[in-house]
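Engineer: Generate coordinates for the sequence data below:
(4 chains)
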Number of protein chains: 2
Amino acid sequence: MSKHRSAPTLDDVAKAAGVSTATVSRCLNNPQQVVEATRQRVLCAVDELGYTPNFAARVMAAKRSFTIGAIIPTMENAIFARGLQAFQEELHKRGYTLLVSSSAYRPEAEEEQIRTLVARGADGLLLIGHDREEQIYDYLERQKVPALVAWSFNPTNRTPSVGFDNRQAMNTLAQQVIALGHRHLATISGISKGNDRARLRITGIKDAMAENGLAPDDLFVVETTYEIENGAEAFRDLMSYAPAPTAVLCGNDVLAVGAIRQAQEMGLRVPDDVSITGFDDIELARIVSPALTTVHVPHREMGQKAALELIHMIETSASGRSVELSTRLINRESLQAATV
Amino acid sequence: MSKHRSAPTLDDVAKAAGVSTATVSRCLNNPQQVVEATRQRVLCAVDELGYTPNFAARVMAAKRSFTIGAIIPTMENAIFARGLQAFQEELHKRGYTLLVSSSAYRPEAEEEQIRTLVARGADGLLLIGHDREEQIYDYLERQKVPALVAWSFNPTNRTPSVGFDNRQAMNTLAQQVIALGHRHLATISGISKGNDRARLRITGIKDAMAENGLAPDDLFVVETTYEIENGAEAFRDLMSYAPAPTAVLCGNDVLAVGAIRQAQEMGLRVPDDVSITGFDDIELARIVSPALTTVHVPHREMGQKAALELIHMIETSASGRSVELSTRLINRESLQAATV
DNA sequence: ATGTTAAATGCAAGCGCTTACATAGGCACT
DNA sequence: AGTGCCTATGTAAGCGCTTGCATTTAACAT
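Structural biologist: Modelled structure (predicted):
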C-alpha cells in the first residue's frame, strides 16, 4: 500500500492474480471464457487494487468504444431533453454510453462536433434533422460511423431517420385553426435555413391555407432563434402589421410562451383577442397560462426507438430502416374560434 | 483516391508530406517548433487527406485529454443548465471539452460516473455539492484527477468549492418572510440526504425562526425530488396540517412552480391566501404566474469561475482556492405580508 | 575553411489494452 | 498407452499517437 502508487493497470492486476494480461482482459470482457476459479482470483485482484480499465487504451485496442454521440441544436431549452433522456436510458440498458454536445444551431459547429465525436471513437451518431452538407455524410461514410437522424422523418434520404412528419403535423394543427374561423394567420418559426423541421412546419401551414382557399403568401412569417425573449419580440413585430393576425402558430412551445407573455404585456387576452399555438408539448406547455394548445411529439418513444435502431446499425453493419412516429393534437386553452 | 481507404493516420500524413510522424505531430500541437515551409506542406497533406487525429491514441500517448467531466444531479430541469452552459463556454475558450453526465441524485450512480469519466481520461472533474463518501475523494486523489465542487461553498472542505452560502441565502429569505408577519412556515425541500444544498437551506430557515423567537421545530418539512409534480403533491400534503402554513419556502423554483399550480388547483390565491417562494431564479420563475419571489443564484458567474479555477488546478497542479459568490433576493409577486 | 551553437527534424520507445494464434493440459475414446 | 480434440491460458503484435533524446542542418563567428 505505498502512498505514491498511481493508477493500477491491467498488468498490475495480472501480476497480482498470477495470470497473464490476456486472461484478465477476458475476465472483464468475456467472463465465460475463463474458468470459475481463475475468474474469482482475478476479480479479487481487481477490486483489491481498485482497478479501472483505461478507456482510451481499450478503444484503441478494440476499435469499439460502446459510446454513441448525439449532437443537438441546443441544450438551453427543454425541446430535446425528454427525447434525449429516453435515448440515453435505452443506450444504457444496452451497455452504451451517450456523449452529448450542442451545436447552438450553427452548422460549422455541428460539423466540428461530429468530427470530435468520431475522433473520440463514437460507434455511432445521432443527428437532428436531415439538413447538412453532403460532405459530412461522405465523411461519416468514409469513417464507417453509422448515423441516424431524429426529430424528422424522410425515408428517401440517404441517412435513415426516426421521427415524425413535421409538415403533416403542423398541417393538421393549421387545418384546425382555419376551421375555427381564423383567416389572418402568422407563424413564429425557428430559423429555417439548415433546419428542415422549421421549414416543413411552415410548409404545413401554407399547405393548409391553400387547401382552404387562403393565399399561402399571406402567411406572416417571422424567423428567430428558439428563446422565450425572441418569441416575445417576434410577436410584437407580428402584431404591428395590419390586419393583425388572429392566430399565431409558433414553431415550438418555447416561442409560444414568449408570444403569450408578450401578448399579456400588450394587454391582449389569449385566446380571446389572439390565439397562440405551440409545438412539441414540453412541460412548459402545461405550466404556462393559458395552457398551450400544441402538437404532442412522442419524444420518449422517439428517443427509445432511435437508440434501438442505431445500436442495430452498429452491431450488424446494417444500413438502418427509418421509422415514422405519429404526433397528436393537444387542445388546451390558447386556441379558440376567431371572434371576428 | 481508392474507394475503400479508411481513416487516414498520422503516418499517412507523414508519408504524404515526406516527413516523420514526429514532425506532423508537432505541427498539430506545437506549430512554432516547426519551420514555416515544412508546416505548410504538412498542413496541406492534412486537409488533402481529411485527417482527424485519433483521440484515444492522443490521450494515451500524451496523458492529457483536454477534457473535463461534470456530474450533475439532473438534466431533467433547468437548475444546472445555465451554470453549466457558462462553465462549458469558458472551457471551450481555453481549449477544453466538457463531458456531462447526470447521476439522477443517486450516489452510487454518481460514483460510477466519476470512475467512468476518469477512465475516459478526464483531466479534471466538476462535482455538485460536497456530500459524498470519503473514498471517492481518496480515489480521485490517487488517480491524481483534480476535482472542484460547485453550487456549494465550504472552504474548510478538502475539495475546493466555487459556490455560495446556501444556509445564508435561505436565511435571508426566511428573515424577510418572517418580517412580513408569517408565523407558520413550511418548506418543500429536495431530499436532504447526500445533498448539502438542500440541508443547508433548511437550516437557514430554522436559524431565521430561532433568531426571531419562533420554534425551529415547528417548521413543516416535506422532502421530495425536484419535479414539478412532486412540488404539487408536497404542497397538498402540507396544507392538510393544522394550522396550515401561510408561507411555503421551496427548495427551488421547480418545486415552487408545482406548489403554485397545486395551490391554484385547490382554489387558493397566491400570494393572498398563501405565500410561496422559490430558489435559483431560473427562467421559469419569471414565467409562472404569479412570478416567483426567489433567491437569485449567479449561475453564469459560478460556471465561469469554476472553469477558470479548475483549469488552473489542472495546469499548475495547485490544490485550488475556494471562491464564494453572493446571492440576491428577488422580490416578485408570490410573497406578501401575512394577512392573519 | 572550420568550429561552435542552436534550431529543425528524425528515431523509437512506450501509453494500456485486445485478440489472433500458439501452447498446454485434460478427457474420452480406441 | 496412444490418439485426437476441446478448453483454458499464455505470448506477443499491434492500435495511433507523443516526446525524450539523438542526429542532421543551418547559421554565424572566428
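
Engineer: A:Y226 reaches A:T74, doesn't it?
Structural biologist: Yes. With the criterion set as Cβ atoms under 8 Å, A:Y226 and A:T74 qualify as a contacting pair; they are 6.5 Å apart. For the C-beta atoms, the positions are set from N, CA and C on the backbone; glycine is no exception.

Engineer: Just the helices from the stretch 151-300 of chain A, written as ranges.
Structural biologist: Ranges of helices in the stretch 151-300 of chain A, per DSSP state H, counting those that start in this stretch, are A:166-179, A:196-211, A:228-239, A:253-265, A:283-287, A:299-316.

Engineer: ok, A:N331 - how many residues close by?
Structural biologist: 12 (other Cβ atoms under 10 Å in any protein chain shown).

Engineer: I'd like to know how far it sits from A:H92.
Structural biologist: Using Cβ to Cβ, to the nearest Å, one gets 35 Å for the distance from A:N331 to A:H92.

Engineer: And for A:R183?
Structural biologist: Distance of A:R183 to A:H92, computed by Cβ to Cβ: 50 Å.

Engineer: what do you get for A:R197?
Structural biologist: Following Cβ to Cβ, the distance that separates A:R197 from A:H92 is 27 Å.

Engineer: more neighbours, the two?
Structural biologist: Neighbour comparison, A:R197 and A:H92: the larger count goes to A:R197, with 25 against 12 (by other Cβ under 10 Å).

Engineer: can you tell me how far A:V59 sits from DNA strand C?
Structural biologist: As judged by Cβ to the nearest atom of the strand, to the nearest Å, A:V59 and DNA strand C stand 8 Å apart.

Engineer: Could you give me the buried positions within the helix or strand harbouring that residue?
Structural biologist: In this structure, A:V59 is located in helix A:55-62 according to DSSP states H and E. Along helix A:55-62, these residues count as buried under the neighbour rule (16 or more other Cβ atoms under 10 Å in any protein chain shown): A:F55, A:A56, A:A57, A:R58, A:V59, A:M60.

Engineer: what's the angle between it and helix B:55-62?
Structural biologist: What separates the directions of helix A:55-62 and helix B:55-62 is an angle of 120 degrees, with axes from the mean of the first three to the mean of the last three Cα atoms, to 10 degrees.

Engineer: Would you list the strands that the next helix or strand after helix A:55-62 pairs with, along with their directions?
Structural biologist: Moving toward the C-terminus from helix A:55-62, the next helix or strand (DSSP H and E) is strand A:67-72. In its sheet, strand A:67-72 lies beside strand A:97-102 (parallel), strand A:124-128 (parallel), with partners assigned from DSSP bridges.

Engineer: okay, the angle between strand A:67-72 and helix A:299-316?
Structural biologist: In this structure, strand A:67-72 runs at an angle of 140 degrees to helix A:299-316, with the same axes, to 10 degrees as the basis.

Engineer: Name the residues of stretch A:154-171 that are buried.
Structural biologist: With burial defined by 16+ other Cβ under 10 Å, the residues of stretch A:154-171 counted as buried are A:154, A:159-171.

Engineer: Relative to DNA strand D, how far out is the closest residue to DNA strand C within the stretch 151-300 of chain A?
Structural biologist: Each residue of the stretch 151-300 of chain A has a distance to DNA strand C, by Cβ to the nearest atom of the strand, and the smallest belongs to A:P160, at 26.3 Å. When Cβ to the nearest atom of the strand is the yardstick, A:P160 and DNA strand D sit 27 Å from each other.

Engineer: And for that residue, nearest residue in space, chain neighbours not counted?
Structural biologist: Nearest residue to A:P160, sequence neighbours excluded (Cβ to Cβ, 6 or more residues apart in numbering or on different chains): A:G320, at 3.5 Å.

Engineer: and the closest residue in space to A:E110 that isn't next to it in sequence, how many neighbours?
Structural biologist: When the adjacent residues along the chain are set aside, A:E110 lies closest to A:S103, with 3.8 Å between them (Cβ to Cβ, 6+ apart). For A:S103, the count of nearby residues is 21 (other Cβ under 10 Å).

Engineer: how near is A:F66 to A:S103?
Structural biologist: Taking Cβ to Cβ as the criterion, A:F66 is separated from A:S103 by 24 Å.

Engineer: do the same with A:L292
Structural biologist: Taken as Cβ to Cβ, the spacing of A:L292 relative to A:S103 amounts to 27 Å.

Engineer: does the lowest-mean-pLDDT helix or strand in chain A come close to DNA strand C?
Structural biologist: Ranked by mean pLDDT, DSSP states H and E, the weakest helix or strand in chain A is strand A:97-102, scoring a mean of 88. No. For a cut-off given as Cβ under 7 Å from any atom of the strand, strand A:97-102 has no contacts with DNA strand C; the smallest distance is 14.6 Å.

Engineer: quick one: secondary structure of the residue nearest to A:G18 when sequence neighbours are not counted?
Structural biologist: Counting by Cβ to Cβ, 6+ apart, A:G18 lies nearest to A:R41, which is 7.2 Å off, once chain neighbours are set aside. The local conformation at A:R41, judged by DSSP: H, G, I helix; E, B strand; the rest coil, is helix.

Engineer: Contacts only, for A:R41.
Structural biologist: With contacts taken as Cβ atoms under 8 Å, 6 or more residues apart in numbering or on different chains, A:R41 has the following neighbours: A:A17, A:G18, A:V19.

Engineer: What residues does the stretch 51-200 of chain A have near DNA strand C?
Structural biologist: Taking Cβ under 7 Å from any atom of the strand as the criterion, the stretch 51-200 of chain A approaches DNA strand C at residues A:Y51, A:P53, A:N54, A:A57, A:R58, A:M60, A:A61, A:A62, A:R64.

Engineer: ok, now which ones touch the third one?
Structural biologist: For A:N54, the contact set (Cβ under 8 Å, 6+ apart) comprises A:A7, A:T9, B:M60, B:A119, B:G121.

Engineer: so where's chain A uncertain?
Structural biologist: Residue ranges of chain A with pLDDT under 70: A:1-5, A:340.

Engineer: Just want the most central residue of it.
Structural biologist: Against the mean C-alpha coordinate of chain A, by Cα atoms, centre = their mean, the closest residue is A:F80 at 4.5 Å.

Engineer: Nearest spatial neighbour of that one, chain-adjacent residues omitted?
Structural biologist: With sequence-adjacent residues excluded and distances taken as Cβ to Cβ, 6+ apart, A:F80 is closest to A:I72, at 4.6 Å.

Engineer: Would you mark the buried spots in stretch A:282-300?
Structural biologist: Of the residues in stretch A:282-300, A:282-299 count as buried by neighbour count, 16+ other Cβ under 10 Å.

Engineer: Let's see that stretch as CSV, backbone CA atoms only.
Structural biologist: Output in CSV follows, covering the C-alpha atoms of stretch A:282-300 (Å, rounded to 0.1, in the frame of the first residue of the first chain):
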residue,chain,number,x,y,z
ILE,A,282,-43.0,20.1,-23.4
GLU,A,283,-43.7,20.6,-19.8
LEU,A,284,-43.8,24.3,-20.2
ALA,A,285,-46.9,24.0,-22.4
ARG,A,286,-48.9,22.9,-19.4
ILE,A,287,-47.4,25.3,-17.0
VAL,A,288,-48.0,28.5,-18.9
SER,A,289,-51.3,30.2,-18.5
PRO,A,290,-53.3,29.9,-20.6
ALA,A,291,-52.1,26.4,-21.2
LEU,A,292,-50.9,25.8,-24.7
THR,A,293,-52.7,24.1,-27.5
THR,A,294,-49.9,22.3,-29.2
VAL,A,295,-48.7,19.3,-31.1
HIS,A,296,-47.6,16.4,-29.0
VAL,A,297,-44.4,14.8,-30.2
PRO,A,298,-43.8,11.3,-28.7
HIS,A,299,-40.3,12.3,-27.5
ARG,A,300,-39.7,9.3,-25.3
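
Engineer: how about it, does it reach chain B?
Structural biologist: Yes. Stretch A:282-300 reaches chain B (Cβ under 8 Å from any Cβ of the partner chain) through A:E283, A:L284, A:I287, A:V288, A:S289.

Engineer: Relative to B:E133, which of those residues is nearest.
Structural biologist: Compare each of the residues of stretch A:282-300 next to chain B with B:E133 using Cβ to Cβ and the shortest gap goes to A:E283, at 33.2 Å.
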